[in-house]
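Colleague: Show me the folded form of this:
(chains A, B, C, D, E and F)
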Protein chains: 6
Amino acid sequence: MPTERFRRGAARLAEMGGDIDNIVAPLADVAPDLARLVGEFAFGDLYTRPGLDLPHRQLVTIAALVTLGDTERQLRFHIAAALEVGVTPRQVVETIIHLLAFAGNPRVFNAMLVARAVFAERDLLPLTDQPPVDPAG
Amino acid sequence: MPTERFRRGAARLAEMGGDIDNIVAPLADVAPDLARLVGEFAFGDLYTRPGLDLPHRQLVTIAALVTLGDTERQLRFHIAAALEVGVTPRQVVETIIHLLAFAGNPRVFNAMLVARAVFAERDLLPLTDQPPVDPAG
Amino acid sequence: MPTERFRRGAARLAEMGGDIDNIVAPLADVAPDLARLVGEFAFGDLYTRPGLDLPHRQLVTIAALVTLGDTERQLRFHIAAALEVGVTPRQVVETIIHLLAFAGNPRVFNAMLVARAVFAERDLLPLTDQPPVDPAG
Amino acid sequence: MPTERFRRGAARLAEMGGDIDNIVAPLADVAPDLARLVGEFAFGDLYTRPGLDLPHRQLVTIAALVTLGDTERQLRFHIAAALEVGVTPRQVVETIIHLLAFAGNPRVFNAMLVARAVFAERDLLPLTDQPPVDPAG
Amino acid sequence: MPTERFRRGAARLAEMGGDIDNIVAPLADVAPDLARLVGEFAFGDLYTRPGLDLPHRQLVTIAALVTLGDTERQLRFHIAAALEVGVTPRQVVETIIHLLAFAGNPRVFNAMLVARAVFAERDLLPLTDQPPVDPAG
Amino acid sequence: MPTERFRRGAARLAEMGGDIDNIVAPLADVAPDLARLVGEFAFGDLYTRPGLDLPHRQLVTIAALVTLGDTERQLRFHIAAALEVGVTPRQVVETIIHLLAFAGNPRVFNAMLVARAVFAERDLLPLTDQPPVDPAG
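Modeller: Coordinates of the predicted model:
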């Protein structure tokens, strides 16, 4: 029986456009407990806390993933989730650009290409809410 | 003569409760250009971009600094700046707690102790906007 | 009321020579929930899992902290905890030396000086279970 | 002529299920010295030290690689080597899960998928020494 | 209209064997400003500074990328750029090997395989300026 | 008896203005082998390799330490060593500034303050080989 915390986490993940089965299934034959622990703790305990709404949590999550590096898979999910909970593509783009100052160019470029792929899958390109800047003149 | 970008950055920094002289002075005899470059680029170019307001930028910055590690000096400034631009202590606390899932406990504990020090200097403790939870029962 | 998970975590921490109050107290006026979450999850859920005994968990923890960097406070606790649960000073030393291959010299040196401080506080120096090697000949 | 240290390292690597030629060959036309230095130092000097047995060294190595990130190739080898020297799949899984507290979820998930791939190649799935937990209830 | 700083950056990048359009084009529909900011700041401001010549800058850049990790794409470009501005393959190889002491084996191995791929594309293998060492004896 | 590799490393370290006893002494009662291994490998094997001269090695080392973070102790030594082997203060400063593009502002600021402290101890401030830029106009 899933715990109440796990059910709450699965529901939260669903609000973010995710599906707990996508975490449970690939771990089922190797580490089902990992799926349970993450469902309960990350999504059930942390993501359901009051005091910071989902759009803020997603910008914070994206900033952490960009900075950490080697997180392409996670960025892909959390950028999509950000859009799902009302973050605009522009806010995602601005968050990543902002990190030029803190995480360095390589992390920012890698992340922006992931963002681009997520936007492309959702037919959001070209982003129309970007400022009309043409660096190539 | 400071560039227009540098002046814009100094003004932005002032809105965040900072003082560009605190960057310029300690670098004056060793690397004045570093102060200029950061004033121009980080504060003049990035921090003044539209598309993400200052409170969002500060949460994103805090998330990056927590994740990066070895950033006590920067966290101290940027948590204070967050408060200055309207982020609540609760949002700072929630941002740091949220990172348990992405950056691990050591980064989160180190950051929370910095946040506590910033709040203490401003007589904000105990935080009264926290949920009434007593883990020690 | 503390949860059952929190009580289990506090008990586990006590076996490791720690005191949950040392986590709870400094966070009481800023983020009591952080103490609760870490007590429940890290110590109550993870540290009490079967399948890996405490001495193994401490070597794994030390390896992670050395590699992560900016973890002096945590290394200090977890090296002491390792000794408490039966890890020998020699195993701690060997674990840190081993990481020359994976984390680089700076992380290893910083960690060894922390280990030395922990051993000194416990009157364990000079380590008598080290091989009799004198590099200065 | 290979040095005695290199021969000792190659022998140690063989005990771990590795083949020094897999290090030597891809570097032969670009940096043969790198193969020699790693064979001598990492495998000849460090991995043959007394004071920490091979199973412990592999858990420590896995913890470092998970925490470091961008180490898929190395994790793949060292998880296989861990099994070779007597570490159980369960201990590998528990080591990775344990790191939820120290390295964050993304590192842990990436590593568990590598572990799963290593176990699959060896027909070890489903792991039968896991606790019978079904998070989806 | 591109700024003077951007034009200067594009020219610098061209000296390094790069093409600013390879930065501009993939970002055109998602974040044209990122291309502009990096062209202006990284290549226009930083890379054109006096006081450190281009070969030195490329060795420094390679060292940073190796240490940072998750930078395969950037290493590929900057190793090629290093060759373009007069760094020898041997200096690239020695720089990477040197980092065994500071960044650990996994970062060094991953980077050396990227270097090998860059050299192979340019028909530089086997490197003839390497010392005649045969670790396999 | 120290090995030939250790003696060679101690000699190399002396050329860099260091003293092997400063590595040996603090580790004597806890991990003498660590001093031996680092003296032999880092200084005896790596630092004595042909193909990259000492000034280049020090710029590469500084770049790695800045990027890695939590390396204040090591930066202090290696910046001083850089000066000892003929690197100019300006090259040190430029190397650190260059890393704004790759490692982010916090790493660069922390490192520059260490550089400043090293220069101050040697009465090198104000640096007179800096370009005459006054960001405060």
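Colleague: Excluding chain neighbours, what is closest to the residue nearest the centre of chain A?
Modeller: In chain A, the centroid-proximal residue (C-alpha atoms, centre = their mean) is A:His78; its distance is 1.1 Å. Nearest residue to A:His78, sequence neighbours excluded (C-beta to C-beta, 6 or more residues apart in numbering or on different chains): A:Thr61, at 4.9 Å. Using the backbone N, CA and C atoms, a C-beta is placed for each residue, glycine as well.
Colleague: List the residues that contact that neighbour.
Modeller: A:78, A:82, B:63, B:98, B:102 (C-beta atoms under 8 Å, 6 or more residues apart in numbering or on different chains).
Colleague: helices or strands next to the longest helix anywhere in chain A in the packing?
Modeller: Longest helix of chain A, by residue count under DSSP state H: helix A:105-121. Applying 3 or more C-beta pairs under 8 Å, 6 or more residues apart in numbering or on different chains; DSSP states H and E, we find helix A:105-121 packed against helix A:54-68, helix A:72-84, helix A:89-98, helix E:21-27, helix E:32-38, helix E:54-68, helix E:72-84.
Colleague: which ones are touching A:Leu65?
Modeller: So A:Leu65 contacts A:71, A:74-75, A:78, A:111, B:102, D:106 (C-beta under 8 Å, 6+ apart).
Colleague: at 7 Å what do you get?
Modeller: With contact set as C-beta atoms under 7 Å, 6 or more residues apart in numbering or on different chains, A:Leu65 has these partners: A:71, A:74-75, A:78, B:102, D:106.
Colleague: just A:Val87 next, same as before
Modeller: Applying C-beta under 7 Å, 6+ apart, the residues near A:Val87 are A:55, A:58-59.
Colleague: Can you select the buried ones from the residues you listed in ChimeraX?
Modeller: Per 16 or more other C-beta atoms under 10 Å in any protein chain shown, the buried members of the contacts of A:Val87 correspond to this ChimeraX selection:
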select /A:58,59
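Colleague: and the contacts of A:Val87 as TSV, adding pLDDT and distance to chain C?
Modeller: Output for these, formatted as TSV (pLDDT from 0 to 100; distance: C-beta to the nearest C-beta, whole Å):
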residue	pLDDT	distance to chain C
A:Pro55	98	21
A:Gln58	98	20
A:Leu59	98	20
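Colleague: quick one: average confidence on stretch A:105-125?
Modeller: If you average the pLDDT over stretch A:105-125, you get 98.
Colleague: For it, buried residues please.
Modeller: For stretch A:105-125, by 16+ other C-beta under 10 Å, it's A:105-119, A:124.
Colleague: roughly how far apart are A:Phe77 and E:Pro26?
Modeller: A:Phe77 sits 22 Å away from E:Pro26, taking C-beta to C-beta, to the nearest Å as the criterion.
Colleague: List, one by one, the residues from chain A near chain D.
Modeller: Counting by C-beta under 7 Å from any C-beta of the partner chain, the residues of chain A lying close to chain D are A:1-2, A:6, A:24, A:26-27, A:29-39, A:42, A:65, A:68-71, A:74.
Colleague: among the residues you listed, which ones are buried?
Modeller: A:2, A:6, A:24, A:27, A:29-39, A:42, A:65, A:68-71, A:74.
Colleague: Restrict stretch A:57-77 to CA atoms and write it as PDB.
Modeller: Below are the C-alpha coordinates for stretch A:57-77, written out as PDB (Å, rounded to 0.1, in the frame of the first residue of the first chain):
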ATOM      1  CA  ARG A  57       9.700  26.100  -7.000                       C
ATOM      2  CA  GLN A  58      10.200  25.300 -10.600                       C
ATOM      3  CA  LEU A  59      12.500  28.300 -11.200                       C
ATOM      4  CA  VAL A  60      14.500  27.400  -8.100                       C
ATOM      5  CA  THR A  61      14.700  23.800  -9.300                       C
ATOM      6  CA  ILE A  62      15.800  24.800 -12.800                       C
ATOM      7  CA  ALA A  63      18.500  27.100 -11.200                       C
ATOM      8  CA  ALA A  64      19.800  24.200  -9.100                       C
ATOM      9  CA  LEU A  65      19.800  21.800 -12.000                       C
ATOM     10  CA  VAL A  66      21.600  24.200 -14.300                       C
ATOM     11  CA  THR A  67      24.300  24.900 -11.700                       C
ATOM     12  CA  LEU A  68      24.700  21.200 -10.700                       C
ATOM     13  CA  GLY A  69      25.400  20.000 -14.200                       C
ATOM     14  CA  ASP A  70      25.000  16.500 -15.700                       C
ATOM     15  CA  THR A  71      21.300  16.900 -15.300                       C
ATOM     16  CA  GLU A  72      19.900  16.900 -18.800                       C
ATOM     17  CA  ARG A  73      17.300  14.300 -18.000                       C
ATOM     18  CA  GLN A  74      16.100  16.300 -15.000                       C
ATOM     19  CA  LEU A  75      16.100  19.600 -16.700                       C
ATOM     20  CA  ARG A  76      14.000  18.200 -19.500                       C
ATOM     21  CA  PHE A  77      11.400  17.200 -17.100                       C
END
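Colleague: Does stretch A:23-40 reach chain B?
Modeller: No. Using C-beta under 7 Å from any C-beta, we find that stretch A:23-40 stays clear of chain B, coming within 7.9 Å at best.
Colleague: Quick one: end-to-end length of that stretch, please.
Modeller: 12 Å (C-alpha to C-alpha, to the nearest Å).
Colleague: touching chain C at all, that stretch?
Modeller: Yes. Using C-beta under 7 Å from any C-beta, we find that stretch A:23-40 touches chain C at A:Leu37.
Colleague: for that stretch, what is the average pLDDT?
Modeller: pLDDT averaged over stretch A:23-40 gives 98.
Colleague: returning to what we had before: which among the contacts of A:Val87 are in contact with chain B?
Modeller: A:Leu59.
Colleague: tell me the domain ranges of chain A?
Modeller: A:1-49, A:52-130 (automatic domain parsing).
Colleague: Quick one: closest of those domains to D:Pro89.
Modeller: domain A:1-49 (8.1 Å; C-beta to C-beta).
Colleague: Off-centre distance for the closest one?
Modeller: Offset of domain A:1-49 from its chain centre (C-alpha atoms, centre = their mean, to the nearest Å): 15 Å.
Colleague: okay, how far is it across that domain, tip to tip?
Modeller: 23 Å.
Colleague: Could you do stretch A:90-107 as well?
Modeller: 18 Å.
Colleague: and it, which residues are buried?
Modeller: A:90-107.
Colleague: Distance-wise, check the closest residue to A:Ala101 other than its chain neighbours relative to B:Glu15.
Modeller: Nearest residue to A:Ala101 in three dimensions, chain neighbours excluded: B:Ala42, at 4.1 Å (C-beta to C-beta, 6+ apart). According to C-beta to C-beta, B:Ala42 and B:Glu15 sit 14 Å apart.
Colleague: can you check A:Leu27 too?
Modeller: Note on A:Leu27: its distance to B:Glu15, by C-beta to C-beta, is 47 Å.
Colleague: Would you mind measuring from the nearest residue to A:Val66 once chain neighbours are set aside to chain B?
Modeller: In space, A:Val66 comes closest to A:Ala111 once its chain neighbours are excluded; the distance is 4.4 Å by C-beta to C-beta, 6+ apart. Separation of A:Ala111 from chain B (C-beta to the nearest C-beta, to the nearest Å): 11 Å.
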